[in-house]
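Generate a structure from the sequence data that follows.
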Amino acid sequence: MIPIDFQPSTEDEHRKCLLDAGWCINNHFTITDEGGSRVKFKQKPVQRRVFLEQHGCDVYLKSRQHGLTTEKTMEMLEECQRVPDLICGIIAHTKMAAQEIFATRIRSVYEKQPQWVRDNNPAIELDKTHIKFTNGSSIHVAVSFQSATIHRLHISEYGPLCAKFPARAAQLKGDTLPAVHPQKGGRISVESTAEGPAGDFYELCIKARADTIKSELTGIPLNVKQYRFHFFAWFEDEKNSIDPKGFDIPQKMREYFAELKNVHKIDLTEGQKTWYYFTKDGANGLGKKMKQQHPSTIDEAFEQAVDGAVYPEEMLDMHDSGYIGNFPYVKRHPVFTFWDLGISKGNATCVIFVQFIKDEIRIIDYYECEGRGMTFHAAQVLAKPYTWPINDDFCFLPHDAANRDKITAVPLLDSAEELGLRVHQVIRPQNKDKDGIEAVRGIFPNLRINLMAPEDDHQLGDPYHGTDRLIKALSYYRYSWDEDKKIWSKTPIHDWASNPADALQTLALGYKYCPIGGDYLGDDEAVAAYISQREGIDDVEVIDPMDFV
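The predicted model follows:
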């Protein structure tokens, strides 16, 4: 490998340099830097690592502005000019981003090359998102990419893409990625800031990280279809430092930096600490978005809820306040369950296990399973080693419990009671998007969640026992994105995260309006948020609390 700053003095040396991709990238291309100046492109330390350490299938969890997409476009442009018939695709999460990537990092870079380089393999097609060279190689930047075969694929900001455009993410996963064949030399790179602790990008990071750690521990290389995990924190960018002279960092942030040093062995300079403070809490600072945009650790990156999340502030406060942690089962207190019923195909039945201790609503356990009937779910719940209230209802079911079980044709409410569950039906809210969600927001100050991971041998399709699934769902539960209006809708997306969120809504409505253990723990009167059960009456009415007993 030729050093990137080597300057050839003979024809033979120059010929060898032209065969070295790293040298060409650092000597033939110019870009517009952060200050707006046109400069020769030189790989920054992180970009150089990306170039040298790539496996072939790579996923990059990162802070903002490391220039990973810039690096990948440079690689594609250099390789297309040297290798014939190469099909390259870059996926951006919006059309505007796709056009910006092409204009500033491909077209402009191509046109500013030395004329003799362009003459060796000139472009024969060039528009706003596509370039094709005389040798048959091409680069296309778009929000989706369809081809029988793709040799090089880079996905930019995959996290936001998954959050805002789930249908497009599903198409990408099902159609585009399979068109790349690593076993034949194809390469895939996926980069993004975090977008909540769930979704395809999150799952890809978790799997790739586990595979990468295992490979490093065992010394067995990853196979060509496994992804190598990479993480680049904010402090790895040399520009993220400012003069600390004359400024004292607040004590609370000093404590955060001390934790990074003592727990994570991250020793920051005073300049880096000052930059972090002003980027987070200074004028126009990122505030609670800081950990998402500029994470210091891998786990920190996924604490923030996704954009458009229904409960973003609430879940962040849960993490920051220590309300997600060690809140185990207390034997002397009874356990109550709150359900969402997966009646139709693709919907899971979800059960939240709760203890009410003083003013705390403690979620101690969580269960989820799809494609099973009430007989199976009841057995799973009753098998738990918990104490149920002796004489009171302990299973709170949503309004659709009156529907019939598709397996037994018996109303689910009746099936549950016959199976030994003492059931209380929570009536439907007048307006789910308003009353139901607001009821959930109302219980967050009292909510505590016992962090419990599933068994290591848990397999897809098995009953899921573990509150980490619920925590991920509450962070990922989000409104749909209206691309035409560029706004988030007022209606949450119905997906895997909506089922656990609806179970929490059953808890919130039950707590607010129903007797639990013989007492009303929330409102003194069951009022306001219910549809009358009498057909044809839509007005909100005051309901006698005794109707619920």
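
Give me the domain ranges for this structure.
43-232, 241-301, 324-548 (automatic domain parsing).

Mind putting these into CSV with distance to residue 17 and mean neighbour count?
Just so you know, the C-beta spots here come from the backbone N, C-alpha and C atoms, and that holds for glycine as well. Formatted as CSV, the domains of the chain follow (distance: least, C-beta to C-beta, whole Å; neighbours: other C-beta atoms under 10 Å):
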stretch, distance to residue 17, mean neighbour count
domain 43-232, 12, 19
domain 241-301, 34, 15
domain 324-548, 45, 18
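
So what touches the helix or strand harbouring residue 201?
Using DSSP states H and E, residue 201 sits in helix 200-218. Defining contact as C-beta atoms under 8 Å, 6 or more residues apart in numbering, one finds that helix 200-218 is touched by 59, 61, 158-159, 161-162, 169, 173, 190, 192, 194-196, 220-222, 226-229, 298, 302, 472.

do that again at 6 Å, thanks
59, 61, 158-159, 162, 169, 192, 222, 226-229 (C-beta atoms under 6 Å, 6 or more residues apart in numbering).

quick one: which of the domains of the chain is nearest residue 35?
Closest to residue 35 of those, according to C-beta to C-beta: domain 43-232, at 13.3 Å.

And the helices in the stretch 401-549 of the chain, which stretches?
Using DSSP state H, counting those that start in this stretch, the helices found in the stretch 401-549 of the chain span residues 412-418, 437-443, 467-476, 498-513.

Dump the C-alpha coordinates for the last one into CSV.
What follows is helix 498-513 as a C-alpha-only set of coordinates in CSV (Å, rounded to 0.1, in the frame of the first residue of the first chain):
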residue,chain,number,x,y,z
SER,A,498,-48.1,-0.7,18.9
ASN,A,499,-49.1,-4.0,20.6
PRO,A,500,-47.0,-3.5,23.8
ALA,A,501,-47.9,0.2,23.8
ASP,A,502,-51.6,-0.7,23.7
ALA,A,503,-51.1,-3.0,26.7
LEU,A,504,-49.6,-0.1,28.5
GLN,A,505,-52.7,1.9,27.5
THR,A,506,-54.9,-0.8,29.1
LEU,A,507,-52.8,-0.3,32.3
ALA,A,508,-53.2,3.5,32.1
LEU,A,509,-56.9,3.4,31.6
GLY,A,510,-57.4,0.7,34.2
TYR,A,511,-55.3,2.7,36.7
LYS,A,512,-57.2,5.9,36.0
TYR,A,513,-60.8,4.6,35.8
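
Quick one: residues in contact with it.
338-340, 347-348, 350, 352, 396, 398, 426, 436, 439-440, 443, 470, 473, 477, 492, 521-523, 526.

tell me the angle that helix makes with helix 467-476.
Angle, helix 498-513 to helix 467-476, by axes from the mean of the first three to the mean of the last three C-alpha atoms, to 10 degrees: 90 degrees.

Report the mean confidence score over helix 498-513.
Per-residue pLDDT over helix 498-513 has a mean of 93.

cool, and the second one?
Here the mean pLDDT over helix 437-443 is 92, rounded to a whole number.

where are the low-confidence patches of the protein?
Low-confidence segments of the chain (pLDDT under 70): 305, 343-345, 402-411, 432, 455-461, 523-549.

re the thing from before, which neighbours does the helix or strand just after the helix holding residue 201 have in its sheet, and in what orientation?
Downstream of helix 200-218, the next assigned helix or strand under DSSP H and E is strand 228-232. Applying DSSP bridges, strand 228-232 is found paired with strand 57-62 (parallel).

any idea how far the helix or strand following the partner strand is from the chain center?
Sequence-wise, the next helix or strand downstream of strand 57-62 (DSSP H and E) is helix 68-82. Distance of helix 68-82 from its chain centroid, counting by C-alpha atoms, centre = their mean, to the nearest Å, is 27 Å.

between helix 68-82 and strand 57-62, how many degrees?
With the same axes, to 10 degrees as the basis, helix 68-82 and strand 57-62 are set at 150 degrees to each other.

ok, residues contacting helix 68-82?
Residues contacting helix 68-82 (C-beta under 6 Å, 6+ apart): 21, 24-25, 29, 47, 50, 60, 86, 88, 105-106, 121, 133, 137, 139, 152, 154, 156, 189, 191.

what distance separates the helix or strand that that helix is followed by from the centre of its chain?
Using DSSP H and E, the next helix or strand after helix 68-82 towards the C-terminus is strand 87-91. Remark: strand 87-91 is offset 23 Å from the chain centroid, using C-alpha atoms, centre = their mean.

what helices or strands is the helix or strand where residue 97 lies leaning on?
Assigned by DSSP H and E, residue 97 falls within helix 95-102. Applying 3 or more C-beta pairs under 6 Å, 6 or more residues apart in numbering; DSSP states H and E, one finds that helix 95-102 makes contact with strand 138-142.

Just say helix, strand or coil for residue 125.
strand (DSSP: H, G, I helix; E, B strand; the rest coil).

Quick check: beta-bridge partners of the nearest residue to it once chain neighbours are set aside?
Excluding its sequence neighbours, the residue lying closest to residue 125 (C-beta to C-beta, 6 or more residues apart in numbering) is residue 132, at 3.9 Å. Note on residue 132: beta-bridge partners by DSSP bridges are residue 125, residue 138.

what's near enough to touch residue 132?
124-125, 138 are the contacts of residue 132 under C-beta under 6 Å, 6+ apart.

now, among these, which is nearest to residue 93?
residue 138 (21.6 Å).

so how far is residue 121 from the closest one?
Distance from residue 138 to residue 121, counting by C-beta to C-beta, to the nearest Å: 12 Å.
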